[in-house]
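**Student:** take a look and give me a structure for this.
(one chain, ligands or ions: 1)
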Amino acid sequence: MTDGNARRTIWPAGNGAVDIIDQTTLPHACATRRLATVADVAEAIAVMRVRGAPLIGATAAYGMAIAADADPSEAALKAAHDRLLATRPTAVNLAWALTRVLERLTPLPAAERAGAAWAEADAVADEDVALNAAIGDHGLTLIEAAHARNPDRPVNVLTHCNAGWLATVGWGTATAPVYKAHAAGIPVHVWVDETRPRNQGASLTAWELAEAGVPHTLIADNAGGHLMRRGQVDLCITGTDRTAANGDVCNKIGTYLKALAAHDNGVPFYVALPSPTLDLALPSGDAVPIEERAAEEVTWIPGRTADGRVETVRITGAGTPAANPAFDVTPARLVTALVTERGIVEPHRLREVFGALEAAS
Ligand code: MRU
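**Tutor:** Residues are numbered from 1 along each chain as shown. Next up, the predicted model:
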């Protein structure tokens, strides 16, 4: 989790399987689940037992290792790649990880592929932890600066969705600077957007901040603008599922509205991302595929009853139609800077700082 080792969201379980924290049971129970087949992995990503761009990528990489154990032929690996790629469209880390593992395996003799696939998946996971720790170090400077400006009160950070350690293999992206600040003794308080309709803020971010002992307050999605107008937000930090070459940022639905409110109120709006979330082949955010999820995620809501049962209840009339676009794009002009493993990067400098990655791909 936050020290990079103590607890991860995914880990090899031996015998050709991986274990995950099943995020569909949080915050009411922290359960693990074994994934032993490509079908298990595809299901876990599609129904969001694992979610968050970096974790989706790492899980898919392990899915390729599971596939290589079962059948290391080129045809079988390509089929596994395609099946996993079809699970969720928006986070580019999925395609990035699948391509990385497939390109590593294809030149090898079939007998060497399974071993190489597990090693590559482990490398994807380990690198994710290291990238996020570096993001934390760079983001910490922003929180330190905010604290220096107002030393008499906690630094108030607003975040949207869950870009915490649960969304990654460890540390989180948006939360890494917060965890580092908390560990450094800087008083920090997080406004946690509930993040309808799946409520990743309410059920995941609030849970992990509570576990880490970081002061936080859950707010309804519509409250952020009000708090910004009243000077109660020092900075916003969110994650991203895909960031285009011009610095347009695609993230969980509702991020755009927070960025607009931040812009209007002079609140800095930062987006934390590891380089595998960059899609430099996309000139702008307009071309990001936006996932449309089931209407039932809007019209029904899960929760725990007073007697301890977890149930899902309908919150609308039976016939109410609903739309559920799961992500939106925040234009680069509303993004103060990107917090990356290479430092704090203004959107227009993305190509300058990361262009070599594009050339290499
Ligand atoms: O639908 P989800 O829960 O996978 O969406 C997650 C987000 O939007 C996160 O903010 C994003 O993946 C960044 S995670 C470090």
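
**Student:** from here on, contacts and neighbour counts on C-alpha atoms
**Tutor:** Noted.

**Student:** low-scoring stretches of the stretch 201-350 of the chain, by residue?
**Tutor:** Judged by pLDDT under 70, the stretch 201-350 of the chain has no weakly predicted residues.

**Student:** for it, what lies in contact range of the ligand?
**Tutor:** Applying CA under 6 Å from any ligand atom, one finds that the stretch 201-350 of the chain approaches the ligand through Gly239, Thr240, Asp241, Asn251, Lys252.

**Student:** just give me the closest of these to Thr320.
**Tutor:** The closest of those to Thr320 turns out to be Lys252 (CA to CA; 23.3 Å).

**Student:** what sits closest to the closest one if chain neighbours are left out?
**Tutor:** In space, and not counting its chain neighbours, Lys252 is closest to Phe327: 4.3 Å by CA to CA, 6 or more residues apart in numbering.

**Student:** and the buried ones among the residues of the stretch 201-350 of the chain next to the ligand, selectable in PyMOL?
**Tutor:** Per 16 or more other CA atoms under 10 Å, the buried members of those correspond to this PyMOL selection:
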select buried, resi 239+240+241+251+252
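
**Student:** reformat the residues of the stretch 201-350 of the chain next to the ligand as JSON lines; add distance to Gly14 and secondary structure.
**Tutor:** Shown next, in JSON lines, are these (distance: CA to CA, whole Å; DSSP: H, G, I helix; E, B strand; the rest coil):
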{"residue": "Gly239", "distance to Gly14": "31", "secondary structure": "coil"}
{"residue": "Thr240", "distance to Gly14": "32", "secondary structure": "coil"}
{"residue": "Asp241", "distance to Gly14": "30", "secondary structure": "coil"}
{"residue": "Asn251", "distance to Gly14": "34", "secondary structure": "strand"}
{"residue": "Lys252", "distance to Gly14": "34", "secondary structure": "strand"}
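
**Student:** elements contacting the helix or strand hosting Leu209?
**Tutor:** In this structure, Leu209 is located in helix 206-212 according to DSSP states H and E. Judged by 3 or more CA pairs under 8 Å, 6 or more residues apart in numbering; DSSP states H and E, the packing partners of helix 206-212 are strand 216-219.

**Student:** re the thing from before, touching, the residue nearest to Lys252 and Ile290? I think so.
**Tutor:** Yes. Contact criterion CA atoms under 8 Å: Phe327 and Ile290 qualify, at 5.8 Å.

**Student:** so which of these two has more stuff around it?
**Tutor:** A direct count of neighbours by other CA atoms under 10 Å for Phe327 and Ile290 places Phe327 higher, at 23 against 20.

**Student:** for the ligand, what's the nearest residue on the stretch 251-361 of the chain?
**Tutor:** In the stretch 251-361 of the chain, no residue comes nearer to the ligand than Lys252, which is 3.8 Å away by CA to the nearest ligand atom.

**Student:** grab the most central residue of this protein for me.
**Tutor:** Among the residues of the chain, the one closest to the centroid is Gly52, at 3.0 Å (CA atoms, centre = their mean).

**Student:** from Thr9, how far out is that residue?
**Tutor:** Going from Gly52 to Thr9 by CA to CA, to the nearest Å gives 11 Å.

**Student:** swap in Leu357?
**Tutor:** As judged by CA to CA, Leu357 and Thr9 stand 27 Å apart.

**Student:** the two: who's more crowded?
**Tutor:** Thr9 (22 against 14).

**Student:** list the contacts for the more buried one?
**Tutor:** Counting by CA atoms under 8 Å, 6 or more residues apart in numbering, Thr9 touches Met1, Ile20, Ile21, Leu55, Trp165, Leu166, Thr168, Val169, Gly170.

**Student:** would a markdown table of those residues with neighbour count, pLDDT and distance to Ala210 be doable?
**Tutor:** Shown next, in a markdown table, are these (neighbours: other CA atoms under 10 Å; pLDDT from 0 to 100; distance: CA to CA, whole Å):
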| residue | neighbour count | pLDDT | distance to Ala210 |
| --- | --- | --- | --- |
| Met1 | 20 | 49 | 13 |
| Ile20 | 21 | 98 | 20 |
| Ile21 | 20 | 98 | 17 |
| Leu55 | 27 | 98 | 21 |
| Trp165 | 30 | 98 | 13 |
| Leu166 | 28 | 98 | 13 |
| Thr168 | 29 | 98 | 18 |
| Val169 | 32 | 98 | 19 |
| Gly170 | 31 | 96 | 16 |
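
**Student:** fine by me, we can end here.
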